[in-house]
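A.B. asks: Give me the fold of what follows.
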Amino acid sequence: TLYESNLNKLRNNFRKNIKKFYKIICSSDKTYNNCKYIDDITKNKFIIINNKCKEYNSKINDVYEPKVKHVLQVIGSMNTGGMESLIMNFYRSINKEKYQFDFLVNDFSHFLYEDEILSLGGKIFRALPRKPYFFRNRRDVNRVFEYNNIDIVHAHQGITYYYPLKSAKKHRIKKIVIHNHGINRYFLKYLKIYNNIWARNRISSLSNEHIAITEDVVNHIFSNKVIKNKDYVVMNNAVDTNIFRFNSKRREDKRKELKLENSTTFIHIGNFNRFKNYDFLIDVFYEYLKYNKNAKFLVVGTGPIENEVKDRTYKLGINENVIFLGKRSDIADLLSASDIMIFPSFYEGYPMALIEAQASGINILASDRINKECKICDNYKYLPIDDLILWVNEIKKIKPNINREKYAEMVNNSKYSINKTIKQLEKIYDR
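C.D. replies: Below you'll find the predicted structure:
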């Protein structure tokens, strides 16, 4: 609005030249639509000329001490993925009277969480992708900070793109938070020299708050100084267990919708990337079908190798048993409708899908290369990913969980409770 735009201009000009102050002349009606700002170098404080504007004093003061802090979440997109799911868990649970989330993304499509973000009052700012629009990307990022009221930047950071941090510091954002969700070790291997010599130190110098999902990943992105001084907080991925609690009615409805009646139903949730080990995933299901021809496999997500995986199911002749669901907003219902989750990744940080699945009470078989701290409940088992037959035999042994509702409470009582994590996050935003 005109009111917000003018207030932002007022704040930015005030920062650039402390000697400049403004008279505020407002119309007699109870709106700010006709506000005008006039430079007045001779005055040493704001002068409200029209007494009828007194009732709006608190709103004007909020330019400098806002009651609601605007937190800019910097992330590539807000489609399906563990990081995106975690941010939305934060957004749904955080105190909206104190904090409002806005989002800076490089995605110009209509993404999964867009409608929910807008319904919660958030703004979405889009910058052109850095590749191939290097300079236009920087222009777009700078404009976000120039024309909007941003109090905190929370960057969900990789090591190759940190310009939003640089722009935030240039525009004097006082609190810049780096959130390290873990980096693919295979990717990090090729950038080891660049990361150790340049990226870690540069990123840490542009931020003043540092969050890691575990002690194991702090050296991926934080400088030696940050690590030595313990200038970081370990914050576990967290879920709202009320959302993912098993629900028999939703299970029945979703199984009817997807025609899963009388079928043992497998599920995998994740982006289609190489490190997810989709070849092994499909091969395990193919071998199990020899034992149970009525089994179904729900595959949730999108990604660069999606068509390749689909082609593999056709070549193996199991395409009728594998259901590709793409992006979904009903993950909790799909988990309730399923019986077994398979997760044979080569590498993961702290996959949110596994925490959510445990809360739903589904049986889980996961790669032994995934962090062992992910295991909370007894419905979870680690297996090596070099023995396909072992996975098939373990699946055959699995018996359905009778009391799936209890698992949500187990997760809620663990360190992955959203109530514990949100207090930790608010403390970081406030200090």
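
A.B. asks: next SSE after whichever strand or helix holds Ala155?
C.D. replies: Per DSSP states H and E: Ala155 is located in strand 152-156. Downstream of strand 152-156, the first helix or strand assigned by DSSP H and E is helix 163-170.

A.B. asks: Run through the neighbouring helices and strands of that next one.
C.D. replies: helix 134-147, strand 152-156, strand 175-180 (3 or more CB pairs under 8 Å, 6 or more residues apart in numbering; DSSP states H and E). C-beta coordinates here come from the backbone N, C-alpha and C atoms, glycine included.

A.B. asks: got the buried residues for the first one?
C.D. replies: For helix 134-147, the buried set under the neighbour-count rule, 16 or more other CB atoms under 10 Å, comprises Asn137, Arg138, Asp140, Val141, Asn142, Val144, Phe145.

A.B. asks: ok, which pair from the residues you listed is furthest apart?
C.D. replies: Put simply, by CB to CB the two of those set farthest apart are Asn137 and Phe145, 13.6 Å from each other.

A.B. asks: What is the neighbour count of the closest residue to Lys420 other than its chain neighbours?
C.D. replies: Leaving aside its chain neighbours, Lys420 sits nearest to Ala238 (7.1 Å; criterion: CB to CB, 6 or more residues apart in numbering). Close neighbours of Ala238, defined as other CB atoms under 10 Å, add up to 25.

A.B. asks: Would you agree Ala238 is in contact with Ile87?
C.D. replies: No. Counting by CB atoms under 8 Å, Ala238 stays clear of Ile87, with 11.1 Å between them.

A.B. asks: Now do the helices in the stretch 301-431 of the chain.
C.D. replies: 306-316, 331-337, 352-360, 388-397, 406-412, 418-430 (DSSP state H, counting those that start in this stretch).

A.B. asks: Which one of these lies nearest to Lys230?
C.D. replies: Once the helices of the stretch 301-431 of the chain are compared by CB to CB, helix 418-430 is nearest, at 14.7 Å.

A.B. asks: Check which helices and strands the closest one is in contact with.
C.D. replies: Secondary elements touching helix 418-430 (3+ CB pairs under 8 Å, 6+ apart): helix 82-93, strand 175-180.

A.B. asks: Tabulate these (a markdown table), appending distance to Val392 and mean pLDDT.
C.D. replies: Listed next are those as a markdown table, based on distance: least, CB to CB, whole Å; pLDDT from 0 to 100:
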| stretch | distance to Val392 | mean pLDDT |
| --- | --- | --- |
| helix 82-93 | 27 | 92 |
| strand 175-180 | 36 | 94 |
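
A.B. asks: right, so the ones you listed: which one is the most enclosed?
C.D. replies: Among the helices and strands packed on helix 418-430, ranked by average contacts under mean count of other CB atoms under 10 Å, first place goes to strand 175-180 (a mean of 23).

A.B. asks: Please put the alpha-carbon coordinates of it into CSV.
C.D. replies: What follows is strand 175-180, C-alpha atoms only, in CSV (Å, rounded to 0.1, in the frame of the first residue of the first chain):
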residue,chain,number,x,y,z
LYS,A,175,19.9,-10.1,12.4
ILE,A,176,21.0,-12.5,9.7
VAL,A,177,20.5,-16.2,10.5
ILE,A,178,22.3,-19.0,8.7
HIS,A,179,20.5,-22.4,8.9
ASN,A,180,22.7,-25.4,7.9
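
A.B. asks: partners of that strand in the sheet?
C.D. replies: strand 152-156 (parallel), strand 209-212 (parallel) (DSSP bridges).

A.B. asks: any chance of those in JSON lines, plus mean neighbour count?
C.D. replies: What follows is those, written out as JSON lines (neighbours: other CB atoms under 10 Å):
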{"stretch": "strand 152-156", "mean neighbour count": "23"}
{"stretch": "strand 209-212", "mean neighbour count": "22"}
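
A.B. asks: Distance to Thr313 and mean pLDDT for the ones you listed - can I get that in TSV?
C.D. replies: Converted to TSV, the strands paired with strand 175-180 look like this (distance: least, CB to CB, whole Å; pLDDT from 0 to 100):
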stretch	distance to Thr313	mean pLDDT
strand 152-156	32	95
strand 209-212	38	93
